[in-house]
Every structure is written in C-alpha cells, then in structure tokens.
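J.: Give the three-dimensional model of this entry:
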Amino acid sequence: MGWLARSAAVAVLLSVTAACASVPEGAAPNVPAPAADTGGAGPGPSPSHSAAVQATPVPEDCEVAADHPKRQLRGVWITTVRNIDWPSEAGLSAREQQDELVAQLDRAAELGLNAVFFHVRPTADAVYASELEPWARYLTGEQGGDPGYDPLEFAVEQAHERGLELHAWFNPYRVGWQEADIDHLVDDHPVRRHPEWLVTYGDQGYFDPGNPEAREWVVDVVADVVERYDIDGVHFDDYFYPYPAEGETFDDDASWRAHGDGFADRAAWRRDNVNQLISGVHERIEETKPWVRFGVSPFGIWRNRSSDPTGSDTSGLQSYDALNADTRTWIREGWIDYVVPQLYWPQGFATADYAELAPWWASEVAGTGVDLYIGQAAYRVGEDGWEGEDALSVQLDLNTAHPEITGDVYFSMKDLDGRARGAVERVAADHYARPALPPVADDARGAPAPVGGLTAEADADGVTLSWQGAETDRMYAVYRVPADADLCVLADADHLVAVLGGGRRTYRDGYAASEAVRYHVTALDSFRVESAPGAGAVVNPG
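T.: Now for the predicted structure:
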C-alpha cells in the first residue's frame, strides 16, 4: 500500500538511548535553580515525569551547516509611542487592541522571527499595570486611563504561545512632548511629585540623568517589571541624553554642581551617569532573574575615526559625544548581554557605510561574550539606496561574513506588512528558511530534563507528534531527520522544523513522503538551554 494512500497510523518505533543530559560548556549538571520568585516562569527542578527518561547528548564535535545556524536572534520592534505600531490609535477597545497585537505576533512568527521588542515605557508611563507610573496615553488617549486589561501580560502570554521571546523595551529618560504630555501629566506622575527631576530641552521633557534619585527610580521601574512579568529580556533604545537640538542647552547645572566633583568635565560626568544606570539595571536583573537578558540598541556610530583612532571610518553623529552613551564600556564591562546598533544606512553611504559599520561592531564584541544583533531599517525600504526586494537581504548577506553577528532586529512592526513587505519576505526566504533557537542567557545552569512519551501518528497528510513536558519548559524544538542519521544532524538547524511555546505538547508536521524519518523533540528552559534529544520517534512508511 503506497504512503499517500495510507490513512491508518503507521508503526512508531521508539528508541531510548543511554542516560546523559546535555550540559552547556562550563556549566555544572544538575544544579538546582535559584529559589527566587519566578512568576511561574523560572527554571525549576527536573520534572518528575522525566525522571526515567534517558537521553544521549548531541556530540560537541559535530560539523554544522553555516547556512542554517541553530541559534540566532530574529526580532522586530513593536513601538507604542505615538501609536507608531500598536495600538494603531488611542481609544480602541480592549478587544480591538488585542486583535491588532495578535495579528502582529502572528505575522512575526509567519516571517520566521523569534523575538519581539515590545515598547512598555514610552514616556515615563506604563503599557502595563503599574503602581509606580501611570498608564500611557497611547492606550486610551488619556494618561492614566485604564485600558481594561494588562497589555504586557497579554503580550507575554501570546508571544510565548507562538514560540516568540518578548523583550520589554523601556525608554529610560523621556517624559514626553511639551504640549501633548508635559502639560497634561497626572497628579501622581513621578515628575509631579519630584519636579526637580525634570529637564526640558527643545519641545520635550526628560528625567535628569545626573540626579541620583531619578536614576534609581528608573532602575526600580525596570526591576518591578522584571519581578512581576514573565519577560525574556529588558531592552533600552538609543535615547539617553537627548539628541542635539540647535540653539538648545540641556540644563543640568544643578545636578552638575551637586554631583560633578572629581570629573574632568561635564561630558565625562554625563557618561558616568549613563554608565551607572546601565550597570545598575544589569545588577538588579542579575539579582532577580538572571535568565532575563539585558540589551541596548545604540545609535550606529560610537565614535568616528577622526575623533578616536579606534573608531569607525565614518563621519556622522557620535553617540559617545552627542548622547553620552559609551557603548564600548558597557560591552567590555559585561553590563549588557547583547547590543543592537541601529545601522540604518545602506552599503556605500559615505557618511556611515553599513559595510564599514557592521564589521566594526563585530570587532567590538569579539571575545567579550556580548552578543551582536544589527538594527535593520525596514522603515527605509523604497528610499534612495534601499530599492528592490533585496534591500534588506543584501545587508544580511554581508553579515554572514562576520560570525560575531548573530541576529537582526527590524524597525518597525508596521513596515513588515507595509513598505517592507516584499523585502522582509525576501529575507525570510533567503535567510530564515529554517527556524532558529534564541541565544542562551548568561549564567545558564544544567540542561533541562528531556521530554518523555514522544509518539508519532501518521496519516496521508502528515504526522501528529505528542509528548510529555514540564511546566517549567520555556520552548520546544521539533526536529525531523533521516531515520538512520546520527545525532550530529541536531547540531544545526538543517532539520529543525518548528520552535513552539512551552505550553504546547503536540505538533502537526505536514510531512507526507516515502522516506523513513525520525522525530526528536527537545525542551528549552528559561535560560534557553536545550535538553538532550531524548527518545526519537521513527516513522517508517515502508
């Protein structure tokens, strides 16, 4: 009887191999998780269902396919400020907002992305239920207006259901625009209670980075979200001290007089203020949930070579000088887990050539343990230098020559279904033909227990897998390999067919060919460490 004609389930052969859980290099096996409150998301002890499951780890000396990296960050920014991406306008009902967000998460997953950077604090306010700061006006049209649900809680749940990481994106200092925000702050806004924290510059207001109380407030706000929500990362964008405005002076004289002793000049003091914020956030995250990764997306130029011989061969604005953001120090001190420079320029652009900056950033992170992802300008597709459906794909083509570049993040969500639709679909076809697991967090512990009870039921249209997992499993990876292949086929993503949220225990694969195949399902914990493959399920049409 032919394969396509068969409607009954084919025989499933389960093979269990010797006991040994895979452990990341340098990590001790079977180390119990910290006893911190995890909000239901922490890497707890080995699940009882897997106590008897035996597994053989994937060998460490396997050859891997460079075209299909197993670990890669593929992200998109979902911007709430000024309703750029979500919600599309203020005042939508809770259901309308949720429907819009679900559609965007579905689109991200459809394109092969595995992370979203969700804007939770656009203007010293909250896109989540907070006792520290008021609801953002972008939800209801009025600051402090309750949307009737918790958007961040909903976003985390829906992202994880789709196998997407969610990184909570904070703007640390911006309080808002003068007429729209500063003139309409609610009574319990922190700036109302602490007017000395506010500095106005141009048409916007900012927390004074030189005020230690304001800086500690920002750290507390971030820590509050880390403690209460099941997020995968904390993310800052490029806004530290404000971008220069002609004829304007950032008036931090009072804090400079109070706290500037011992610094050579105000610029050095300002950089130290930002450094203290970055190191303070990093420390609080490590104390609370060390599996939550912390990253920053700086302006794409650190310093030009004309100012510093170790800088890039560029001639644009320098974030070190203009924004007082010393990204190099954050990388070298290990205060961030990843960096996402915004390289929003095409190759060949003389002032800031992508072909110059991508390698420069690669050299900055080399040997540091800090991951490098590139901020990609989906919003510029169609402009001069960004024509054609390969406008983004050519940037990723260049990245492949630099192994330090392990991912990309696109600005922003609305453009992936808008002006950049064709270009990002070309990226998906050229570079995301296989799923990818997210990068492993620092301080990873021993690997999680393998899944148990894997079964496969085949019919004419495909194969249905089911398995047993633990409540603490963050994600599952599903592999389909030749039936006679050794475990090295699991060392890259050549045979990875799906990455699922930890709430899933089944998967429907559309495989309907005549060759015998073997399925493996692995578990990932909150640190994104992958378990050994456990038992394989062989589907043999013969």
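J.: isn't there a helix covering residue 221?
T.: Yes - assigned with DSSP: H, G, I helix; E, B strand; the rest coil, residue 221 falls within a helix.
J.: Surely it touches residue 128?
T.: No - using CB atoms under 8 Å, residue 221 is not in contact with residue 128, being 10.5 Å away. Backbone N, C-alpha and C define where each C-beta goes, glycine included.
J.: shared neighbours of these two, anything?
T.: Here residue 221 and residue 128 have no joint contacts, going by CB atoms under 8 Å, 6 or more residues apart in numbering.
J.: and stretch 129-144, which residues are buried?
T.: Neighbour counts over stretch 129-144 (16 or more other CB atoms under 10 Å) mark 130, 133, 134, 135, 136, 137, 138, 139, 140, 143, 144 as buried.
J.: Kindly report the same for stretch 431-442.
T.: Buried, per 16+ other CB under 10 Å, within stretch 431-442: 431, 432, 434, 435, 436, 437, 438, 439, 440, 441, 442.
J.: Start and end of it, how far apart?
T.: 26 Å (CA to CA, to the nearest Å).
J.: Could you do stretch 386-394 as well?
T.: One end of stretch 386-394 sits 10 Å from the other (CA to CA).
J.: next one: that stretch to chain centre, how far?
T.: The chain centre lies 23 Å from the centre of stretch 386-394; the measure is CA atoms, centre = their mean, to the nearest Å.
J.: pLDDT on it, on average?
T.: Stretch 386-394 comes out with an average pLDDT of 97.
J.: List the buried residues for that stretch?
T.: Using 16+ other CB under 10 Å as the test for burial, stretch 386-394 gives 386, 389, 391, 392, 393, 394.
J.: Also stretch 446-465?
T.: Residues of stretch 446-465 classed as buried: 446-458, 463, 465 (neighbour count, 16+ other CB under 10 Å).
J.: Just these: which are in helices?
T.: Counting by DSSP state H, no part of the buried residues of stretch 446-465 is found in helices.
J.: before we move on, the earlier item: would JSON lines of the buried residues of stretch 129-144 with secondary structure, distance to residue 339 and pLDDT be doable?
T.: Formatted as JSON lines, the buried residues of stretch 129-144 follow (DSSP: H, G, I helix; E, B strand; the rest coil; distance: CB to CB, whole Å; pLDDT from 0 to 100):
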{"residue": "130", "secondary structure": "coil", "distance to residue 339": "27", "pLDDT": "98"}
{"residue": "133", "secondary structure": "coil", "distance to residue 339": "27", "pLDDT": "98"}
{"residue": "134", "secondary structure": "coil", "distance to residue 339": "31", "pLDDT": "98"}
{"residue": "135", "secondary structure": "strand", "distance to residue 339": "31", "pLDDT": "98"}
{"residue": "136", "secondary structure": "coil", "distance to residue 339": "26", "pLDDT": "98"}
{"residue": "137", "secondary structure": "helix", "distance to residue 339": "31", "pLDDT": "98"}
{"residue": "138", "secondary structure": "helix", "distance to residue 339": "27", "pLDDT": "98"}
{"residue": "139", "secondary structure": "helix", "distance to residue 339": "30", "pLDDT": "98"}
{"residue": "140", "secondary structure": "helix", "distance to residue 339": "35", "pLDDT": "98"}
{"residue": "143", "secondary structure": "coil", "distance to residue 339": "32", "pLDDT": "98"}
{"residue": "144", "secondary structure": "coil", "distance to residue 339": "34", "pLDDT": "98"}
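J.: now do the same end-to-end measure for stretch 248-256.
T.: First-to-last residue span, stretch 248-256, CA to CA: 17 Å.
J.: average model confidence for that stretch?
T.: For stretch 248-256, mean pLDDT rounds to 97.
J.: which parts of that stretch are buried?
T.: Counting neighbours by 16+ other CB under 10 Å, one finds that the buried residues in stretch 248-256 are 250, 252, 255, 256.
J.: Looking at these, which is nearest residue 471?
T.: For the buried residues of stretch 248-256, the minimum distance to residue 471 (CB to CB) is 47.2 Å, reached by residue 255.
J.: Show the contacting residues for that closest one.
T.: Counting by CB under 8 Å, 6+ apart, residue 255 makes contact with 208, 210, 211.
J.: among those residues, who's most crowded?
T.: When neighbours are counted by other CB atoms under 10 Å, residue 210 leads the contacts of residue 255 with 26 neighbours.
J.: is it true that it touches residue 273?
T.: Yes - using CB under 8 Å, residue 210 is in contact with residue 273, at 5.0 Å.
J.: so which of the buried residues of stretch 446-465 comes closest to residue 159?
T.: Of all the buried residues of stretch 446-465, residue 448 has the smallest distance to residue 159: 20.1 Å, by CB to CB.
J.: how many neighbours does the residue nearest to that closest one when sequence neighbours are not counted have?
T.: In space, and not counting its chain neighbours, residue 448 is closest to residue 525: 4.2 Å by CB to CB, 6 or more residues apart in numbering. Neighbour count for residue 525, taken as other CB under 10 Å: 28.
J.: repeat for residue 522
T.: A count of nearby residues for residue 522, using other CB under 10 Å, gives 25.
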